[in-house]
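> Any chance you can model this:
(one chain, ligands or ions: 1)
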Amino acid sequence: MKPDHPQNTAPDDAGTRRAVRPVVCYPPDTLPAPEMALYRAAREGLQVISSVTVPPREARCFRVAAGQFFRIHSVDGPQVGDLNLWNANELSERFYSGKTRALHGTHLSTGDRMWSCFPYMRPMATITHDTLDWYGFDAFGGSVHDVIGTRCDPYTHNLLSGGGQYHHCCHSNLTRALADETGLPLAEVEGDVHDVLNVFMCTGFTRDTGQYFMKASPVRPGDYLEFFAEIDLLGALSACPGGDCSAEHSSDTAACFPLLVEVLRPAPGALGAWTGPSVNGYDRSHGA
Ligand SMILES: [Zn+2]
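Numbering: from 1, shown residues only. This is a model prediction of the structure:
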């Protein structure tokens, strides 16, 4: 955080320097555009082919083939979810929260994409419907579905609580779920768990200190976030121990509810000649 009492005196032209207008780092105009008209047409004939209920303070994995859709539903009460995505055929290709944030902003909605890490860097999934898109940004600068938080985890909790051992943070839930799904040891898969998309979570940065904040999620049963799978996906979703994240996480204090994940198939032929994205075209020679 910035100091209340800086050690250095502002220069004479401080006002001029601060008044320089910002430039958006990555204007998305030249990104390959998602085929939203095609996806919108395809979602008209969707059929649920599988579903998994994520119990409170737990995580579950699910698989979605390229060209299918998946939805994350709020069911019994306000609940936020922490989402990880991997290439189902290559776990080293995983969701890159930081670059997705740089490209689409701090909070995602319809038309935004979840990008994979280097050297793959391609869209893994495209958001095709968001029942909370009406929320926008509130007066505190808060919004839903952020790519700014990382996930609640037992290591940060250990430091902040003076040695606490809590085992149902999203990081641990995702680690257990991935170990169960792959049959690999916990220690081996823990490094594959990565920074998340915070589904339904309402977050922002305080205007005065720039600190990460959360507030009660506006999500209600019936709300959902829908994605189109651009590649074969292995997903994992944790129902955060913070519940609606109105007060605290990393404990069993908050009221928590399940989340429902549905995998949906479009009608045969609905995607026409659609083909999934290739891995990134950079030649990886790095100037050597
Ligand atoms: Zn969490």
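> All the strands of the stretch 151-288 of the chain, residue numbers only.
197-205, 212-215, 224-229, 233-239, 259-265 (DSSP state E, counting those that start in this stretch).
> What mean pLDDT does the shortest one get?
Pointing back at strand 212-215 there. Mean pLDDT, strand 212-215: 96.
> tell me how far that strand is from the chain's mean position?
The chain centre lies 16 Å from the centre of strand 212-215; the measure is C-alpha atoms, centre = their mean, to the nearest Å.
> Could you pull out the buried residues of it?
By neighbour count on 16 or more other C-beta atoms under 10 Å, the buried set for strand 212-215 is 214-215. All C-beta atoms are positioned from the backbone trio N, CA, C, and that covers glycine.
> Summarise which helices and strands it is packed against.
When contacts are defined as 3 or more C-beta pairs under 8 Å, 6 or more residues apart in numbering; DSSP states H and E, strand 212-215 packs onto strand 197-205.
> Give the pairing partners of the strand it packs on; include direction for each.
Note on strand 197-205: by DSSP bridges, its sheet partners are strand 81-87 (antiparallel), strand 143-146 (antiparallel), strand 212-215 (antiparallel).
> Any chance of those strands in TSV with distance to Leu31 as columns?
Shown next, in TSV, are the strands paired with strand 197-205 (distance: least, C-beta to C-beta, whole Å):
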stretch	distance to Leu31
strand 81-87	18
strand 143-146	19
strand 212-215	27
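> nearest to the ion, of the ones you listed?
strand 81-87 (5.1 Å; C-beta to the ion).
> returning to that earlier point: could I get the strands of the stretch 151-288 of the chain in CSV, plus columns for distance to the ion?
Formatted as CSV, those follow (distance: least, C-beta to the ion, whole Å):
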stretch, distance to the ion
strand 197-205, 8
strand 212-215, 10
strand 224-229, 16
strand 233-239, 6
strand 259-265, 12
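> wait, which of those strands is closest to Gly111?
For the strands of the stretch 151-288 of the chain, the distance to Gly111 is smallest for strand 224-229, at 10.7 Å, taking C-beta to C-beta.
> How about residues contacting the closest one?
Under the contact criterion C-beta atoms under 8 Å, 6 or more residues apart in numbering, strand 224-229 has outside partners 34, 39, 42-43, 64-74, 114, 124-132, 145, 199-200.
> Out of those, which sit inside strands?
64, 69-74, 114, 124-130, 145, 199-200 (DSSP state E).
> Drop anything exposed from those residues.
Buried among the ones in strands among the contacts of strand 224-229 by 16+ other C-beta under 10 Å: 64, 69-74, 114, 124-130, 145, 199-200.
> Next, count neighbours for Leu160.
Neighbourhood size, Leu160 [other C-beta atoms under 10 Å]: 9.
> pLDDT value on it, please?
As predicted, Leu160 sits at a pLDDT of 95.
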